[in-house]
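Enquirer: next come a sequence and a model predicted from it.
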Amino acid sequence: MTEFLAGFVPILLVGLTLGSLFGLVGLAYTIIINATQLVNFAQGDFAMVGVFFAWFAMSYGAPLWLAIMIAVIAGALIGFLTERMMVTPLMKRGDSAFGPILGTMAVGMIAEGAVGYHTSFFWMPINYFLGLEPWKVGMIPIDTQGTITVLTTVVLVIGYWFVLNKTLPGLALRATGFNRTVTQLLGIQITRMVSLAFIASGVIAAVAGVLCAPLSAFTALEGMPLAINGFIALIVGGWGNPYAAVLGGIVVGLIRAFLTGYFSSAHAEIATFVILILALTLKPDGIFAQLMVPKSEKA
Amino acid sequence: MLINRKRDFAILVGVVLIVMLTPIAVGEYYRYLIRLICVYTLLALGLNIFMGFAGQINLGSAGFFCIGAYSATLLVTKLGLNYFAAMPAAIFLTVIIAWGMSYPLLRLRGHAMAIGTLAFAMAIFLVAARTHWLTGGENGIVPPPVFLFGQQLGNMFFYYFILAITVAGFIFCYFLVNSRIGRALKAIRDNEAGAEAVGIDIVHYKRFAWLISAAFGGVAGSLFGQQSNFLGPETFALWTNILALVMICVGGMGHNIGAVIGAAIMTTLPYLVQGVAGYVLLLQAIVLFFVLRFLPGGVVGTVQKILSRRLQHRMKTGNL
């Protein structure tokens, strides 16, 4: 039994870790979707920028907590700049439905190009936060970085729920997503709410990136795979519902981890896309679409 | 803009004549560049039908490109087919796969369709990169030389072959967008509900545009596979999807000529700044940024706007 658990628990933890990362990115997408009905194609690059600044600070000898602070500020900043320079002007002009999609993509590509030029597309290594040695519970090894990732995700989701439901800006943000015109009539500045959404999204993506960086070789181009997996989480979970996106991420992460653990990693990657196509065909609304939706807002 | 067939064909014949005579004056390097531009023009033309005219979004055009390139090359290396038999088979295969994928993907709208198609291209890329027994994985394939009637065909043959196919593709698109089908596609782009109300079968026409787009991708891919000295999966990674999109955006979405201009600009750009390879991605990204922000409608759209403004001015002042 302990032998089985010693094999099973680490795979489960890997699944939860991957799932939390995908879920966090899915959550970051959802914040912007709820405020603007727009998918931010630079989401992975927000995470990448966070990793870059954390790595950059640490290469100058900054301690971990300071590096994470810098990454969070960088994430917030790039979110804000994307919204100011690209998204709002293009949405105001409104001549093409593709405009904002391509606009966020262009910002992401500029970030990729700039960071890639600086690092020559090599990876930006960040060490495990608590050292490589796993904790032991009996015979079962428990990965430290994975545990931190899962716990951070839980804290962030609870924090997001608190801000959204128990504070005034959260209420304004929900109102913006629910009905723009009426919200504007009530005297809430929509553009400021959109900025807020982009900043929050950038922060969450940057945290996800920094948590992910020790587990994978994060290069300037590595943001996009993370973004795609995060989006798959969003589709599998449920469009426009933050909690569903996180749960969808965990479902995708678990499937990937168990396929990798018991079959092979090459299959797991392709399986992710098969899951996406299946989800789009069989359950386009997502598995957890109605989760925690207030009764008044249910469709 | 008014359709002026005589003028358009005069320009087309002029350009084609110049490109046909170019090999006399320039070396193999520029000939390769022109072949590459032609291949990407085909890819961009196909994508433009789906995005510029039917108004749908496809971020996965490299998927078709990849299927076309690999299937044409694999049919030659594994089954020993002649290239000219493998090429139609590869195009057919691309269209069949696109037809299968159209059922889940074309039901989506907007952003979901964007990511769905992107995921399709990523899956194709992963298949190309991971199935070592078939595609050789990262080791790639070296396309064998092409023989016809016992003679090996050189680069000059392919120069004219690719040029002929590109011109044929362009003429096809030119007539398509002004035909009944093209008008139906434009109606779907401009107002989907309105198009449905006047009796246009939306599902049918969307699928038609998707398949045409796939066929163009397959043609471009099968030519590209033959042209590259080394066929590896990296060529079809994420970046190619975006590159095709950037091409039609820079050229001007919804104009056939825009696809040609965009393909020419974006294909030449990396070769112009060869000394500073690290900049290429950044440079292309900044080009996209400026086009989106300051030249809505791309090169062609902007030129058109300037011309029509000048015409209006002249009509106002009576100075025609």
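Expert: Now that the structure is in, tell me what you want to look at.

Enquirer: all strands for the chain, in order.
Expert: All of this is about chain A. A:135-137, A:140-142 (DSSP state E).

Enquirer: you looked at the wrong chain, it should be chain B
Expert: In chain B, the segments counted as strands under DSSP E are B:147-148, B:151-152.

Enquirer: shaky segments in chain A?
Expert: Within chain A, the stretches with pLDDT under 70 are A:1, A:95-97, A:294-299.

Enquirer: show me what residue of it gets nearest to chain B.
Expert: As assessed by Cβ to the nearest Cβ, chain B sits closest to A:Gly113 within chain A, at 2.9 Å. From N, CA and C alone the C-beta is placed, and that goes for glycine too.

Enquirer: what's around that residue, how many residues?
Expert: Per other Cβ atoms under 10 Å in any protein chain shown, the neighbour tally for A:Gly113 reads 20.

Enquirer: count the neighbours of residue 13 for me.
Expert: Defaulting to chain A. 21.

Enquirer: you answered for a different chain; I wanted chain B.
Expert: 11.

Enquirer: same check on A:Leu77?
Expert: As a measure of burial, A:Leu77 has 17 neighbours, counting by other Cβ under 10 Å.

Enquirer: how about it, nearest residue that isn't a chain neighbour?
Expert: A:Gly202 (7.4 Å; Cβ to Cβ, 6 or more residues apart in numbering or on different chains).

Enquirer: distance check, the one you found against A:Gln43.
Expert: Going from A:Gly202 to A:Gln43 by Cβ to Cβ, to the nearest Å gives 9 Å.

Enquirer: identify the contacts common to those two.
Expert: Residues touching both A:Gly202 and A:Gln43 (Cβ atoms under 8 Å, 6 or more residues apart in numbering or on different chains) are A:Ala28.

Enquirer: poorly predicted segments of chain B, please.
Expert: B:1-3, B:274-278, B:319-320.

Enquirer: for it, give the residue positioned nearest to chain A.
Expert: For chain B, Cβ to the nearest Cβ, closest residue to chain A: B:Leu282, 2.9 Å.

Enquirer: gap between the residue nearest to that residue when sequence neighbours are not counted and A:Thr176?
Expert: Spatial nearest neighbour of B:Leu282, excluding adjacent residues (Cβ to Cβ, 6+ apart): A:Gly113 at 2.9 Å. Distance of A:Gly113 to A:Thr176, computed by Cβ to Cβ: 32 Å.

Enquirer: now swap in A:Gly223 and tell me
Expert: 27 Å.

Enquirer: who has more neighbours, those two?
Expert: Set A:Gly223 next to A:Thr176 and count neighbours by other Cβ under 10 Å: A:Gly223 wins out with 29 against 23.

Enquirer: what's near enough to touch that one?
Expert: By Cβ under 8 Å, 6+ apart, the neighbours of A:Gly223 are A:43-48, A:108, A:111-112, A:209.

Enquirer: wait, what's in contact with the residue most central in space within chain B?
Expert: Nearest to the mean C-alpha position of chain B, by Cα atoms, centre = their mean, lies B:Leu43 at 1.6 Å. Neighbour list for B:Leu43: B:61, B:65, B:216-217, B:220-221, B:244, B:247, B:263 [criterion: Cβ under 8 Å, 6+ apart].

Enquirer: also A:Ala244?
Expert: A:237-238, A:286-289, A:291.

Enquirer: residues near B:Ile115, how many?
Expert: For B:Ile115, the neighbour count with other Cβ under 10 Å is 27.

Enquirer: likewise B:Asp201?
Expert: 13.

Enquirer: kindly report the same for A:Gly131.
Expert: Neighbourhood size, A:Gly131 [other Cβ under 10 Å]: 9.

Enquirer: so it makes contact with A:Thr144?
Expert: Yes. Look at A:Gly131 against A:Thr144 with Cβ atoms under 8 Å: they come within range, at 6.8 Å.

Enquirer: neighbours of the nearest residue to B:Val19 once chain neighbours are set aside, how many?
Expert: Nearest non-adjacent residue to B:Val19, counting by Cβ to Cβ, 6+ apart: B:Leu163, 6.1 Å away. For B:Leu163, the number of neighbouring residues by other Cβ under 10 Å comes to 18.

Enquirer: residues in contact with B:Leu163?
Expert: Listed by Cβ under 8 Å, 6+ apart, the contact partners of B:Leu163 are B:16, B:19-20, B:34, B:38.

Enquirer: need the buried ones from those selected in PyMOL.
Expert: Filtering the contacts of B:Leu163 down to the buried ones (16 or more other Cβ atoms under 10 Å in any protein chain shown) takes a single PyMOL command:
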select buried, chain B and resi 19+34+38
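
Enquirer: of the contacts of A:Ala244 - the most surrounded one?
Expert: Ranked by neighbours (other Cβ under 10 Å), these are led by A:Gly237, which has 30 neighbours.

Enquirer: ok, that residue touching A:Gly253?
Expert: No. Using Cβ under 8 Å, A:Gly237 is not in contact with A:Gly253; the gap is 11.6 Å.

Enquirer: overlap in contacts of those two?
Expert: A:Gly23.

Enquirer: could you check how far A:Ile126 is from B:Ala112?
Expert: 33 Å.

Enquirer: I misspoke; the intended subject was B:Leu231.
Expert: Taken as Cβ to Cβ, the span from B:Leu231 to B:Ala112 is 32 Å.

Enquirer: more neighbours: which of those two?
Expert: A direct count of neighbours by other Cβ under 10 Å for B:Leu231 and B:Ala112 places B:Leu231 higher, at 25 against 19.

Enquirer: isn't the more buried one right up against B:Ser71?
Expert: No. The pair B:Leu231 / B:Ser71 is not scored as a contact, 11.3 Å apart, by Cβ under 8 Å.

Enquirer: understood, closing this out.
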